[in-house]
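J.: A structural model of the following input is requested.
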Amino acid sequence: MKISTHVLTPVVALLAAATLAACGGGGGKAAPSATPGGVNTSAPLYSALPQSVKDKASVQVGSDIAYAPMEYYDTDGKTVIGFDKELGDLLGTKLGVPVVFNNSTFDGLITQLESHRFDLAISSMSDTKERQKQVDFVDYYLSGSIMYVKAGNPNALNSVNDLCGKTISLQRGTTQEEYVTSTLSPQCEKDGKGKISTMAFDRESEAMLQVEQGRAVAGIQEYPVAVYNTQQSKGKFQIVGQQVIAGPLGIAVSKDNGQLRDAVQKALQAAIDDGSYQKVIDKYQTPQSAVKQATVNAG
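T.: Residues are numbered from 1 along each chain as shown. Next up, the predicted model:
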């Protein structure tokens, strides 16, 4: 969940952001399905696209491609992978045009939507009321915070409420630190269960080391990032409990591009209805993040 900038850094070091990717796509004749370089005019929602998208034969997406597992570069430093990229490809099959990801800074994405440099922004962006003043969102994913513990769950923790009176480790400056210090720990004290002691670090890897070595009983990270990091840890950690402070991530669209917004919403709903969206959710092992309806501005 990105509020303004990347607030969490995955354990596995990501490659530095590359320069803005060249615009892809091309005119081509109708093909059996949309491909990275082709257009399928017989796709179910091709006719719903605005003429500007049809003319350039692609949907150009802005994304800050440095946030595993949502959007990041493969080991070659060029190929974009991750949940958001696979979702974009899936939407492309419904729309009939390639959905092309371009690397950009997160803080500049909305400005570049408003200037029509990009058609969409797909970058784990939280749908908030403040952002809705500038852009519209097609909500596609629920992302909150979740607890991780040392493998085997030696302290038998079941939910964040079990952290009262205990010591946990967090990355400094994250929404998770704010939640613990401003909401969860005060509630623990109010309930007479003791405040939560926090160990804060500049890097998530440092915070996770405290859990591994037993100096902290648990940590809290953004849900998809926590799933990814526990997978990469090769059995050192596990996820426990349910998401907290969860909210929708949205595909951002310019306010004056309602036709594209509606086409994307229909494409997402079609993917939900035919089960292809769920397959991507299952691949990334984030069942708590699945949405049942493709809503607009539900944040």
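
J.: could you check the distance from Lys193 over to Ala271?
T.: 43 Å (C-beta to C-beta, to the nearest Å). C-betas here are computed from N, CA, C, even on glycine.

J.: Point out where this protein drops to low pLDDT.
T.: Across the chain, the ranges flagged by pLDDT under 70 are 1-37.

J.: need the longest strand for it.
T.: For the chain, the longest strand by residue count, based on DSSP state E, is strand 237-254.

J.: Remind me what that one packs against, helices and strands.
T.: Here strand 237-254 touches helix 109-114, strand 120-121, strand 135-150, helix 175-179, helix 204-212, helix 223-232, helix 258-274, going by 3 or more C-beta pairs under 8 Å, 6 or more residues apart in numbering; DSSP states H and E.

J.: Can you identify the element that follows the second one toward the C-terminus?
T.: Translated: strand 120-121. Downstream of strand 120-121, the first helix or strand assigned by DSSP states H and E is helix 129-132.

J.: out of the helices and strands packed on strand 237-254, nearest to Gly92?
T.: Nearest to Gly92 among these is helix 258-274; the distance by C-beta to C-beta comes to 8.4 Å.

J.: Show me which parts of whichever helix or strand comes after the closest one are buried, residue by residue.
T.: For helix 258-274, the following helix or strand on the C-terminal side (DSSP H and E) is helix 276-283. Within helix 276-283, the residues scored as buried using 16 or more other C-beta atoms under 10 Å are 277, 280-281.

J.: what's near enough to touch the residue nearest the centre of the chain?
T.: With distances taken as C-alpha atoms, centre = their mean, the chain has Ser124 as the residue nearest its mean C-alpha position (3.3 Å). Residues near Ser124 by C-beta atoms under 8 Å, 6 or more residues apart in numbering: 1-2, 67, 70-71, 84, 141, 143, 224, 249.

J.: Leu184 - how many residues pack around it?
T.: Leu184 has 21 neighbours, counted by other C-beta atoms under 10 Å.

J.: my bad, Val100
T.: Neighbours of Val100 under the rule other C-beta under 10 Å: 21.

J.: what lines up beside the helix or strand harbouring it in the sheet?
T.: Assessed by DSSP H and E, Val100 sits inside strand 99-103. Using DSSP bridges, the strands paired with strand 99-103 in its sheet are strand 59-63 (parallel).

J.: So what are the sheet partners of the helix or strand just after the strand it pairs with and their directions?
T.: For strand 59-63, the succeeding helix or strand toward the C-terminus, using DSSP H and E, is strand 72-73. Paired with strand 72-73 in the same sheet, following DSSP bridges, are strand 80-81 (antiparallel).

J.: Dump the helices and strands packed on strand 237-254 into JSON lines; add mean neighbour count as well.
T.: Formatted as JSON lines, the helices and strands packed on strand 237-254 follow (neighbours: other C-beta atoms under 10 Å):
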{"stretch": "helix 109-114", "mean neighbour count": "19"}
{"stretch": "strand 120-121", "mean neighbour count": "26"}
{"stretch": "strand 135-150", "mean neighbour count": "24"}
{"stretch": "helix 175-179", "mean neighbour count": "19"}
{"stretch": "helix 204-212", "mean neighbour count": "20"}
{"stretch": "helix 223-232", "mean neighbour count": "23"}
{"stretch": "helix 258-274", "mean neighbour count": "20"}
